[in-house]
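Asks: When you get a sec, could you give me coordinates for this:
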Amino acid sequence: MLVAAAVCPCPPLLVPEVAAGAAPELDAARAACTDALGVLAAARPDLLVVLGPAEQSGRGTHAQGTRGSFRGFGVDVDVRLGSDKGAAPQGELPVSLAVAAWLLERTGWSDAPIEGLGVGEPLGAERCIQVGREIAARAGRVALLVMGDASACRTLKAPGYFDERAAPFDEEVARALGSADVAALEALDAELAYALKASGRAPWQVLAGAAEDAGLGGQLLYEDAPYGVGYVVATWS
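Replies: Residues are numbered from 1 along each chain as shown. All right, here's what the predicted structure looks like:
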């Protein structure tokens, strides 16, 4: 059963070495993510599942100990998903899960077994919801760290250029995540999310499926769009 969740954005710029001189611009987001992960630790889960958007090669499960890297962004920063136990895991973390691993390492997470899940953008709502239900049933106390960004079309300089639909979409996402509104997340328009380059849509709908019978309450810790991309931090407990 799902006992807690943290929702965080997944830009590599959260890692200060990647952001370089612009690092202070996301200090508030980093602080909010740290607070959100504290909620997960306080829930004392039997299993932590970390999920986020992934390209084709990064989709599917990633075992505890799987490594990731930000070398593709020009910095010598490597991360690992939880402790390295047993045989060396295969493959490499997708970027969203590498950001999650960095956040977990930064907060000293070492409590529960961890597993990663890379979610493809094309995954339909019904399948996302079903995946969430399956995750929630895997242990008596399950926690989720859900990575994903809102729209990338908030300003003219945003990655997706300006789209007048972006701000209302992000406002509804922030409201739903901040209030643990499962029905609203399940009803998110996948086509609109794709058009607005909102990478978090599928992970959020997995969260919604996992939380259907959990009766959790939500809290919005951060919402902004410093680079024309919507970043939301929220907790469910």
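
Asks: Show me how far stretch 170-185 is from its chain's centre.
Replies: Put simply, stretch 170-185 sits 14 Å off its chain's centre (CA atoms, centre = their mean, to the nearest Å).

Asks: If I follow the layout properly, residue 37 ends up in contact with residue 6?
Replies: Yes - contact criterion CB atoms under 8 Å: residue 37 and residue 6 qualify, at 5.7 Å. For every residue, glycine as well, the C-beta is placed using N, CA and C.

Asks: Now for these two: what residues contact both?
Replies: Taking CB atoms under 8 Å, 6 or more residues apart in numbering as the contact rule, residue 37 and residue 6 both touch residue 145.

Asks: residue contacts, residue 157?
Replies: So residue 157 contacts 227, 228 (CB under 8 Å, 6+ apart).

Asks: If the closest residue to residue 60 other than its chain neighbours is in a bridge, with which residues?
Replies: Nearest non-adjacent residue to residue 60, counting by CB to CB, 6 or more residues apart in numbering: residue 118, 6.0 Å away. Judged by DSSP bridges, the bridge partners of residue 118 are residue 52, residue 60.

Asks: Residue 37 and residue 6: who's more crowded?
Replies: residue 6 (30 against 24; other CB atoms under 10 Å).

Asks: partners of the strand or helix carrying the more buried one in the sheet?
Replies: Per DSSP states H and E: residue 6 is located in strand 2-8. In the sheet, strand 2-8 lines up against strand 142-147 (parallel), strand 231-236 (antiparallel) (DSSP bridges).

Asks: With residue 193 as the reference, name the closest of the ones you listed.
Replies: strand 231-236 (13.3 Å; CB to CB).
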